[in-house]
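J.: Structure of the sequence below:
(2 chains)
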Amino acid sequence: MKKIMVVEDNEPSRDALCRRLARRGYHVIQAVDGEEAVEMGRAQLPDLILMDLGLPGIDGWEATRRLKGDDATRHIPLIVLSAHAMSDDRDMALAAGGDDFDSKPIRFDQLMMKIQALLSRTAAS
Amino acid sequence: MSSERHAVDLFDQYKTDIYRRTDRLFAGLMGLQWIAGIVFALWVAPLTWIGPVSATHVHVWAAIVLGGIISLFPAILALVRPGMPSTRYIIATAQMLMGALLIHLTGGRIETHFHVFGSLAFLAFYRDWRVLVPATIVVALDHMLRGIFWPQSVYGVIVASQWRWIEHAAWVVFEDIFLVVSCLRSVAEMRQRADRTAALEQEVRIRQQAERGASLTAAVGLALTRGSESQVMFQECAQALIAHLDGGFAGIWTVDEQEEWLEPLAGAGGINQAGPELPRIRVGEGTIGTIARVRAPKLTSGREVDFAAAGQDRARREGMAAFAGYPLLLHGKLIGVLAVFAHQEFSPPALDAMAAVADGVALAVDRTRAEREVARYTRDLEQAHDIQRQNAEQLSALVDELRVTQRQAEAATRAKSDFLASMSHELRTPLNAIILYSELLQEQAADGAEPASIADLQRIQSSGKHLLELINGILDLSKIEAGKMSLALETIDVKAMVEDVLDTLGPILRQKHNTFTVTCGPDVGPMFADRMKTRQILVNLLSNAAKFTRGGAIDLDINTGTMDGAPSIEFSVADTGVGMTAEQCGRIFAPFTQADVTTTRKYGGTGLGLAIVSRFCQLMGGRVSVESQMGVGSRFIVQLPVAVHEAAGESLASA
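T.: The predicted structure follows:
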């Protein structure tokens, strides 16, 4: 069973997303801020990370940079989620080390396709 | 006055002086002779003694009475009517009668006869030989008659030859000859003297006139070159004309630009020395107006001048003898007229001087005009410069103001855009949860076979998605207006892009029993544009068509064309839907404007789709237009350049 880490500070959003992913058969772990995300990522080494950008404490940008800067977690595919739909957000997310980008509100089917694509890529490699 | 006439006058004057002087001489002589006669009588014939009675001799009485009669009348004449010809002829006659009386009183002695010769010599003082004629006749007659009838009275003898008077007369005539010659010679000399004097005076006068002419030109030249204020300068010229020409008054006029009127410039002289009030004179009218018209000087007597104004009367009243008027000309161009009235005729040097003055004044008037012109031009230039500077200052102030306004507007737009961006972020987060939960619940309901709640959950989900569309549309518009919307240009395979759009929209297009067809021109190739925006344009137009059409047809035509001389690609979306009125067509591209307020209720939609289409077209340098007929359908035509330029949307972004 693939392990997906959801980093999201907004409780209802996190809860709904986690439950939907769980229904699709994923093992979901949750982090509520940037620091917890970095620690949990190192400790549990999920197969994929969904990272919200607007986080309290260290934000999603910084958390992404740290995870991608750590040899232990660098290989984990990471999808950046942002409520800002600006196109430069996408560029910045990818520049910070994200493997893909999606905007909120989440179109769940679309997100699932991206998740599957990334997981199959790591599985292949 | 000519020299000859003056000489004659002088000659006459000399003669009259001599006549008068000699008349006075004889007046005295008459008195002396009267007394001498009485003395002679008393000496030659003293009181006679006849017994106890002594009496005054009759000769003494004769000397008193006859001598008085002879000498009183001419003496009175000499004093009362000196210089008259009759006076000196009467004096000549009386003088010879007095001689006769003296001869008688002295007893005819020969010494007294010499009185006759002396008298003739005295008469010759008149330098008029004609007075000798009556004198000689009187002497001859006296000697003849007394020689015949009373020889003792004239010769002092009882008996004398009857012809003895001829001898005496001959002596008299003999003397007359010398005296006449002397008189004639003297008169001739007098005449010569008069001629010489007249010639000398004439020369002096000419020299004086030349000097006055020279002093006139000098005075005018000085006035003109002094460069004082022009009105004063010409006033001084007019006064110089008066002062140096015995002028009554002088005037200077300048002609106006149309050469229609002569305007007074300066005047001097006249009844009061302040100068005459010069009239305006129409060119061609009167003597001065004629000078201006024919452009030739005029010299005439003052009385013949037609002033065409009050001046004529004044010229007559003041007895002006001469008038000289000159046109003021410069290179053949009429500048004005100069005129002088004088008490005496003008001398040739004066006329020469006036002609020179006219030339000088013409030059000066022209110079003054030129100076005034230059001054005015300079002033105009300075004014223009001032105005220009003011304009520049105003412009710069305006630019500053505009800059501030623009900065404020930009700040306001940015603030609005930031606000919208942040609002959209805040709205998206709860919306995210709503949609996820509604979908989760739908899945759970489907699993749990609870179809009743599925429909409700679908409504929640679709409402959430509609809200999301609204938020996205607002965000897009705010980005365009804030100038943050940039173009991501790339080469696009048009057909592939259209197929992608149809994959997404196909179900929507074919629902409501609509038929959908796509035609693509054979020469449609790739284009260079922003893929996302072009796609968005097509999605918006097609979903719009699907929204308003039921049981009809929707067509997408793609063709090539030209726009503003450059190759373009044309997307045409036609439907057989509800259509719009012309008035509605005019405002559907504005944000939040649907054709009808009821449209939103009936068909849904955000009212932002066409506004975004329009903005995106502009961003890429293209345009969108619509043709529609109520109840028949609509056709939207989008034209985009085949090759979009980066700068295409700048004007929009900065607007």
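J.: Let me know the pLDDT of B:Leu334.
T.: As predicted, B:Leu334 sits at a pLDDT of 89.
J.: Assign a three-state SS to it, would you?
T.: Secondary structure, DSSP: H, G, I helix; E, B strand; the rest coil: B:Leu334 is strand.
J.: For A:His75, which non-adjacent residue is closest in space?
T.: A:Thr122 (7.3 Å; C-beta to C-beta, 6 or more residues apart in numbering or on different chains). Quick note: C-beta positions are derived from backbone N, CA and C, even for glycine.
J.: I figured that neighbour was touching A:Asp47, is that so?
T.: Yes - A:Thr122 is within contact range of A:Asp47, at 7.0 Å (criterion: C-beta atoms under 8 Å).
J.: circling back: can you pull out the residues in contact with the host helix or strand of the residue nearest to A:His75?
T.: For A:Thr122, the element it lies in under DSSP states H and E is helix A:108-124. Applying C-beta atoms under 8 Å, 6 or more residues apart in numbering or on different chains, the contact partners of helix A:108-124 are A:2, A:4, A:20, A:24, A:47-48, A:50, A:75, A:77, A:79, A:99-100, A:102, B:436, B:439.
J.: Just the closest of these to B:Phe122, please.
T.: Distance to B:Phe122 across these (C-beta to C-beta) is lowest for A:Asp102, with 166.4 Å.
J.: Am I right that that closest one is in contact with A:Val80?
T.: Yes - using C-beta under 8 Å, A:Asp102 is in contact with A:Val80, at 7.5 Å.
J.: who has more neighbours, the two?
T.: Shown here are A:Asp102 and A:Val80; by other C-beta atoms under 10 Å in any protein chain shown, A:Val80 has more neighbours (26 against 19).
J.: Do you know the pLDDT at the more buried one?
T.: Looking at A:Val80, its pLDDT reads 89.
J.: Assess the claim that it and A:Leu53 are in contact.
T.: Yes - using C-beta under 8 Å, A:Val80 is in contact with A:Leu53, at 6.3 Å.
J.: Overlap of the contact sets of the two?
T.: Contact criterion C-beta under 8 Å, 6+ apart; residues shared by A:Val80 and A:Leu53: A:60, A:93.
J.: Please write out the alpha-carbon positions of the helix holding A:Thr122 in CSV.
T.: In CSV, the C-alpha atoms belonging to helix A:108-124 read as follows (Å, rounded to 0.1, in the frame of the first residue of the first chain):
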residue,chain,number,x,y,z
PHE,A,108,-9.9,15.3,-7.5
ASP,A,109,-9.9,13.2,-10.6
GLN,A,110,-7.2,15.3,-12.1
LEU,A,111,-5.2,15.1,-9.0
MET,A,112,-5.5,11.3,-8.9
MET,A,113,-4.1,11.2,-12.4
LYS,A,114,-1.1,13.2,-11.4
ILE,A,115,-0.5,11.0,-8.3
GLN,A,116,-0.8,7.8,-10.2
ALA,A,117,1.6,9.2,-12.9
LEU,A,118,4.2,10.1,-10.3
LEU,A,119,3.9,6.9,-8.4
SER,A,120,4.2,4.8,-11.5
ARG,A,121,7.2,6.8,-12.5
THR,A,122,9.0,6.1,-9.2
ALA,A,123,7.9,2.5,-9.3
ALA,A,124,9.4,2.2,-12.7
